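> Dropping a prediction and its sequence here:
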Amino acid sequence: MSDERVARAAALLAERGLRGEVAVEGHEAEIAAVRVPAAEWERIAGEEGAALADELKRLGFRYVALDLEPAD
């Protein structure tokens, strides 16, 4: 299944200057798994990440998760 939300989510990351990727996972594709470099974890775990999660949920995801395997 092609999911336009992935491209839109990746664009949101890029707009914030985050190098990363988004994968759609879970039953009924309801989880956005965000993977960013380890150096960005502190940034994304704070208020900025909470705001990003809200935006990703508005794209139609029920959950947003930080993938603990860092992006390259």
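Perfect, thanks for sending it.
> Neighbouring strands - and their directions - for the worst-scoring helix or strand of the chain on mean pLDDT?
Ranked by mean pLDDT, DSSP states H and E, the weakest helix or strand in the chain is strand 21-25, scoring a mean of 82. Applying DSSP bridges, strand 21-25 is found paired with strand 31-35 (antiparallel).
> List the buried residues in the very next helix or strand once past the partner strand.
Under the assignment DSSP states H and E, the closest C-terminal helix or strand after strand 31-35 is helix 41-45. Neighbour-count burial for helix 41-45, counted by 16 or more other CB atoms under 10 Å, picks out Ile44. Just so you know, the C-beta spots here come from the backbone N, C-alpha and C atoms, and that holds for glycine as well.
> Dump helix 41-45 to PDB, keeping only the CA atoms.
Provided in PDB are the C-alpha atoms of helix 41-45 (Å, rounded to 0.1, in the frame of the first residue of the first chain):
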ATOM      1  CA  TRP A  41      17.100  12.500  20.000                       C
ATOM      2  CA  GLU A  42      17.200  15.100  22.700                       C
ATOM      3  CA  ARG A  43      15.700  17.700  20.400                       C
ATOM      4  CA  ILE A  44      12.900  15.400  19.200                       C
ATOM      5  CA  ALA A  45      12.100  14.100  22.700                       C
END
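> Show me where this protein dips below the pLDDT cut-off.
Where the chain drops to pLDDT under 70, the residues are 1-2.
> Tell me who's in contact with the closest residue to Trp41 other than its chain neighbours.
Nearest non-adjacent residue to Trp41, counting by CB to CB, 6 or more residues apart in numbering: Leu66, 7.1 Å away. Leu66 is in contact with Ala33, Val34, Arg35, Val36, Trp41, Ile44, Ala45, Gly49, counting by CB atoms under 8 Å, 6 or more residues apart in numbering.
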